[in-house]
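[1] predicted model follows, preceded by the sequence.
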Amino acid sequence: MTRKIIPYNPNLKNLARDLRNNSTLGEVLLWKKIKGKQFFCYDFHRQKPLLEYIVDFYCAELNLVIEIDGKYHNDEAVYFKDLEREKNLQNQDLTILRFTENDIRQKMLMVLRAIEIYIEEFEKHTPGPSQEGN
């Protein structure tokens, strides 16, 4: 299966690097669980520029974006920006899973299970390398 290349604004690269260096506790905790292909052998990236945005976590093989929402996401203006962002990312055939910072800190097993369920469903409906061409 060939991966779809999603364009991004190159001006976001330095900001993405800064965000990686100043991660929230929730981002650090989730990253420890999914980095280095240790979660179902999928390659996740953190603070990844896509389009005009920087997403918290991205896995190209799964067409998956994982976002961790802090308190500022409760603001109405941020909420509407998030809706626009989600719509634009979904137009790239991406799925967005959202969790709160508290979910990550207090309910990590639930978060990992939700990601696992997404992966299981994705694999059921997507031919793997050994299934292509059959």
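    It's in.

[2] tally of neighbours for the nearest residue to residue 119 once chain neighbours are set aside?
    The shortest distance from residue 119 to any non-neighbouring residue, by Cβ to Cβ, 6 or more residues apart in numbering, is to residue 40 (5.3 Å). (C-beta placed from N, C-alpha, C; glycine too.) Neighbour count for residue 40, taken as other Cβ atoms under 10 Å: 14.

[3] repeat for residue 67
    18.

[4] can you confirm it is in a strand?
    Yes. Under DSSP: H, G, I helix; E, B strand; the rest coil, residue 67 falls within a strand.

[5] residues making contact with the host helix or strand of residue 27?
    Residue 27 is located in helix 25-34, with elements delineated by DSSP states H and E. By Cβ atoms under 8 Å, 6 or more residues apart in numbering, the residues outside helix 25-34 that reach it are 23, 39, 42, 44, 46, 56-57, 66, 68, 70, 99-105, 108, 111-112, 115.

[6] which parts of this structure are helices?
    In the chain, helices defined by DSSP state H lie at 13-21, 25-34, 76-90, 101-106, 108-125, listed in chain order.

[7] make CSV from the ones you listed and add mean neighbour count to it.
    Shown next, in CSV, are the helices of the chain (neighbours: other Cβ atoms under 10 Å):
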stretch, mean neighbour count
helix 13-21, 13
helix 25-34, 17
helix 76-90, 13
helix 101-106, 16
helix 108-125, 14
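
[8] list the helices and strands the least confident helix or strand in the chain by mean pLDDT packs on?
    In the chain, no helix or strand scores lower on mean pLDDT, DSSP states H and E than helix 76-90, which sits at a mean of 89. Helices and strands touching helix 76-90, by 3 or more Cβ pairs under 8 Å, 6 or more residues apart in numbering; DSSP states H and E, are strand 53-59, strand 95-100.
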